[in-house]
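Engineer: Okay, sequence plus prediction incoming.
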Amino acid sequence: MKSALITGANKGIGLETAKQLLKQGLFVYVGSRDLEKGKAIINKLLNDGFSNVQAIELDVTKPDTILTAKNIIEKEQGHLDVLINNAGISGIVPQNALETTTDHYKEVFEVNLYGVINVTQAFMDLLRKSPEPRIVNVSTSVGSLSLQSNPNWPAYHYAKYAVYAASKAAMNMYTVHLAYELRDTAFKVNAVCPGYTKTDFTNYLGGEVEEAGKRIVKYALINQDGPSGQFFSEESNPETGEIPW
């Protein structure tokens, strides 16, 4: 049975992604900073008829919880097939380049960039034991330098998120380099924007969470002929999904 770990999966898009992977027959670890909240979600999932799912304490800013989670999965599964780096924060609102302090940047980068790096590096040994390892870094179209600087982009004049966008652009660059270093292996590494989705992250504005989960799962389960080192936003580009960095 294939196994997957999703960070920040006790609610929102992460939780929906977990449900969809469970329906595909994977064993899913629901990463949660608060283990009790994670266990509560697992109980609900079990009551809803799901199985092969387990809560695991994981705070991407705390290396000890990452290591403990890795040891648990290694003992129980021996490998990891799918890693979805979903945990993220937006930071204070509003954010602007002229006034937002570096302390706010550090807080967001700690989760959205350093957390992704810490988790990915910690689980690399287990991912290498999978015949078809997949890494999906959950990104956003506002992390695209090309789109953010294009006056013709529909969202160009929307509220700008200098901190959040910068952290995701940095994570995108990490994705590029990670995919390059793994280019001659069975790994597939991609950045995926789930779209503007109805969660607490957006004050429940936007599209349906089911569609967001579907977009992530698509690249978590791509076959060996699928892409790697790419940036996808099916909301921004419905035809191919691929968008400029």
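Structural biologist: Ah, there it is.
Engineer: CA atoms for contacts and neighbours, from now on please.
Structural biologist: Fine.
Engineer: pLDDT weak spots in the chain?
Structural biologist: 159, 198-207 (pLDDT under 70).
Engineer: quick one, helices of it?
Structural biologist: Taking DSSP state H, the helices of the chain run over residues 12-23, 35-47, 63-76, 102-112, 114-128, 145-148, 162-181, 209-220.
Engineer: In contact with the residue nearest the centre of the chain, which residues are there?
Structural biologist: What sits nearest the mean C-alpha location of the chain, by C-alpha atoms, centre = their mean, is residue 86, with 2.5 Å. Neighbouring residues of residue 86 by C-alpha atoms under 8 Å, 6 or more residues apart in numbering: 6, 7, 8, 9, 14, 137, 138.
Engineer: how about TSV for the residues you listed, with neighbour count and distance to residue 213 added?
Structural biologist: Output for the contacts of residue 86, formatted as TSV (neighbours: other C-alpha atoms under 10 Å; distance: C-alpha to C-alpha, whole Å):
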residue	neighbour count	distance to residue 213
6	24	12
7	26	14
8	25	13
9	27	11
14	24	7
137	27	13
138	25	11
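Engineer: Quick check: the farthest pair among the residues you listed?
Structural biologist: 9 and 137 (13.5 Å; C-alpha to C-alpha).
Engineer: Report how many residues lie close to residue 197.
Structural biologist: 21 (other C-alpha atoms under 10 Å).
Engineer: Does it touch residue 209 like I think?
Structural biologist: Yes. Residue 197 is within contact range of residue 209, at 5.9 Å (criterion: C-alpha atoms under 8 Å).
Engineer: how close does residue 44 get to residue 5?
Structural biologist: 18 Å (C-alpha to C-alpha, to the nearest Å).
Engineer: again with residue 227
Structural biologist: 21 Å.
Engineer: what does residue 231 give?
Structural biologist: For residue 231, the distance to residue 5 - C-alpha to C-alpha - is 21 Å.
Engineer: do the same with residue 217
Structural biologist: For residue 217, the distance to residue 5 equals 12 Å [C-alpha to C-alpha].
Engineer: which of the two has more neighbours?
Structural biologist: Just comparing residue 217 and residue 5: by other C-alpha under 10 Å the higher neighbour count belongs to residue 5, 27 against 22.
Engineer: Bridged to the more buried one, which residues?
Structural biologist: Applying DSSP bridges to residue 5 gives these bridge partners: residue 29, residue 83.
Engineer: and it, what does it touch?
Structural biologist: Applying C-alpha under 8 Å, 6+ apart, the residues near residue 5 are 28, 29, 30, 31, 80, 82, 83, 84.
Engineer: and if you look at residue 171?
Structural biologist: Residues near residue 171 by C-alpha under 8 Å, 6+ apart: 112, 113, 116, 137, 139.
Engineer: Please list only the buried members of the residues you listed.
Structural biologist: Among these, those scoring as buried are 112, 113, 116, 137, 139 (criterion: 16 or more other C-alpha atoms under 10 Å).
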